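**Student:** Next come a sequence and a model predicted from it.
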Amino acid sequence: MIPPSQGADGGTVAPLPEMVEVSTPEGARLAAQTVDARQRHARKLLEVRDLSTRFFTPGGVVHAVDEVNLELDYGETLGLVGESGSGKSVTALSIARLVAEPPGRIVGGEVIFDGIDVLGLSNEEMRLLRGRRIGFVFQDPMTSLNPTMPVGRQIAESARAHLGLSRRAAAARAADLLATVGIPRPKDRLGDYPHQFSGGMRQRVMIAIALACQPMLLIADEPTTALDVTVQAQIMELLRSLSREFRTAIILITHDLGIAAGMCQRVSVMYAGRIVETGLVDDIFERPRMPYTRALLDSRPRVDLEPGGRLPTIEGFPPDLVDPDPACRFAPRCAHRREVCLEREPGMTPRPSHGEGHAARCWATEPGGWIP
Ligand SMILES: Nc1ncnc2c1ncn2[C@@H]1O[C@H](COP(=O)(O)OP(=O)(O)OP(=O)(O)O)[C@@H](O)[C@H]1O
Ligand code: SF4
Ligand SMILES: [Mg+2]
């Protein structure tokens with residue numbers, strides 16, 4: 001295990017600047033940028049500013065991610081929550097520069113990772129940065145695991161490509177990683193193919209591949225969708241222990257605020273391509289400042305519902321993201337809307353009286369608004 005180092009916030013982080021491959025010009029440039037950036041100003045692991053990603057389709061331009069802002073401390077776990085189609089995956093893919101182009105394109109904003117300007121990197125530098133620093137657990141493991149290659153080889157190849165390990169060392173690392181993610185008899189399973197694992201185990205294998213290079217940031221996109229509740233809880237416990245043990249920062253994407261609450265220090269809520277509320281988990285739960293967040297909270301699965309009792313859902317549908325109106329995007333579904341909501345879109349404004357770092361996008365909860 002690589003020893004921990006001092007992070008920019010004074011805490012410890014597992015991955016090290018010297019882990020950047022310096023045997024290539026791109027690696028050397030990246031390493032120099034990292035050290036330089038840390039010495040200068042990198043206080044956050046990730047700063048996403050006004051990030052916008054669009055899809056240029058025959059049906060029009062889809063504003064999938066619209067001026068999104070996010071921040072992540074070293075070692076922190078952030079929840080990115082919202083309904084289907086709200087732009088969570090495209091935000092994550094944009095941060096890692098994995099949006100398929102065409103039809104997609106990042107059209108504006110900045111992504112600063114560990115002090116490095118990600119959108120300014122060459123493709124080769126970006127490949128290195130992803131391999132060494134950013135692990136990605138994709139929404140559907142079967143589309144991202146190679147069905148024709150044993151899982152041990154898939155993990156080992158990642159470790160060999162990015163850490164330059166020998167074949168034997170990479171195989172040993174693959175077995176270690178399978179053990180870390182809780183696969184029983186890991187050495188015996190190295191030669192098995194993805195279809196020989198259950199859904200929950202495939203998610204664990206995905207996490208093992210993402211961890212092969214000891215990333216500073218793990219992006220987990222709905223890592224437990226389609227898994228039963230017990231397996232879901234096990235995967236979440238695994239992520240929690242990884243974050244504790246290696247101080248890996250995590251962006252956890254989920255449509256379930258309950259899952260985010262159990263895992264994250266802070267949550268950002270997305271709706272129709274926009275961040276509409278952000279804050280500490282407790283503040284978001286106890287004092288939401290945006291009716292959409294309240295609706296998400298009310299539509300959470302609950303154990304105390306009477307048998308046969310109906311789960312509340314949010315009525316209506318999210319708006320079309322092709323040329324959205326300059327109004328509040330939640331207005332058509334919002335019980336609190338007034339004229340102004342249809343005329344102008346509210347900005348994200350700080351709500352300091354409702355918690356540290358709390359901000360929301362809603363006219364009704366602005367000072368002088370109609371929701372106290
Ligand atoms: N390749 C693509 N071409 C056109 N539009 C796309 C493409 N990929 C995503 N989109 C659109 O971008 C928007 C955001 O999609 P995204 O996949 O980020 O949603 P999501 O929040 O991750 O939803 P889910 O919870 O269902 O995974 C959606 O309107 C989607 O239709
Ligand atoms: S701005 Fe208006 S329509 Fe939008 S969420 Fe607030 S009250 Fe509802
Ligand atoms: Mg998604």
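**Tutor:** Perfect, thanks for sending it. Ligands and ions are numbered 1, 2, ... in the order given.

**Student:** CA atoms for contacts and neighbours, from now on please.
**Tutor:** Noted.

**Student:** The nearest residue to Leu280 once chain neighbours are set aside and ligand 2: what is the separation?
**Tutor:** Excluding its sequence neighbours, the residue lying closest to Leu280 (CA to CA, 6 or more residues apart in numbering) is Arg266, at 4.3 Å. With distances taken as CA to the nearest ligand atom, to the nearest Å, Arg266 is found 21 Å from ligand 2.

**Student:** can you check Gly164 too?
**Tutor:** 51 Å.

**Student:** and stretch 293-302 with ligand 2, contact?
**Tutor:** No: judged by CA under 6 Å from any ligand atom, stretch 293-302 and ligand 2 are separated, with a smallest distance of 9.1 Å.

**Student:** now what about that stretch, what contacts it?
**Tutor:** By CA atoms under 8 Å, 6 or more residues apart in numbering, the surrounding residues in contact with stretch 293-302 are 82, 256-258, 269, 277, 284-285, 288, 311-314.

**Student:** Among those residues, name the ones in strands.
**Tutor:** Residues of the contacts of stretch 293-302 located in strands (DSSP state E): Val269, Glu277.

**Student:** Write out the residues of the stretch 151-300 of the chain neighbouring ligand 2.
**Tutor:** Met290, Pro291.

**Student:** Return stretch 200-209 as PDB; C-alpha atoms alone will do.
**Tutor:** Extracted C-alpha coordinates of stretch 200-209, given in PDB (Å, rounded to 0.1, in the frame of the first residue of the first chain):
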ATOM      1  CA  GLY A 200     -23.700  -7.200  -6.900                       C
ATOM      2  CA  MET A 201     -20.300  -8.900  -7.500                       C
ATOM      3  CA  ARG A 202     -20.000  -7.300 -10.900                       C
ATOM      4  CA  GLN A 203     -20.400  -3.900  -9.200                       C
ATOM      5  CA  ARG A 204     -17.700  -4.900  -6.800                       C
ATOM      6  CA  VAL A 205     -15.500  -5.900  -9.800                       C
ATOM      7  CA  MET A 206     -16.100  -2.500 -11.400                       C
ATOM      8  CA  ILE A 207     -15.100  -0.800  -8.100                       C
ATOM      9  CA  ALA A 208     -11.900  -3.000  -8.000                       C
ATOM     10  CA  ILE A 209     -11.000  -1.900 -11.600                       C
END
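
**Student:** how far does that stretch sit from the chain's center?
**Tutor:** Put simply, stretch 200-209 sits 17 Å off its chain's centre (CA atoms, centre = their mean, to the nearest Å).

**Student:** who does Val61 bridge with?
**Tutor:** Beta-bridge partners of Val61, counted by DSSP bridges, are Phe56.

**Student:** now it: how far from ligand 2?
**Tutor:** Taking CA to the nearest ligand atom, one finds Val61 at 23 Å from ligand 2.

**Student:** do Leu280 as well
**Tutor:** 20 Å.

**Student:** what sits against that residue?
**Tutor:** Contacts of Leu280 (CA under 8 Å, 6+ apart): Gln265, Arg266, Val267, Gly355, Glu356, Gly357, His358.

**Student:** Three-state assignment for the nearest residue to the last one once chain neighbours are set aside, please.
**Tutor:** When you say that, I think you mean His358. In space, and not counting its chain neighbours, His358 is closest to Gly279: 4.2 Å by CA to CA, 6+ apart. Look at Gly279: counting by DSSP: H, G, I helix; E, B strand; the rest coil, its state is strand.

**Student:** circling back: Val281 is in contact with the residue nearest to Leu280, correct?
**Tutor:** Yes: the criterion here is CA atoms under 8 Å, and Arg266 meets it with Val281 at 5.0 Å.

**Student:** so what sits against both of the two?
**Tutor:** Joint contacts of Arg266 and Val281 (CA under 8 Å, 6+ apart) do not exist.
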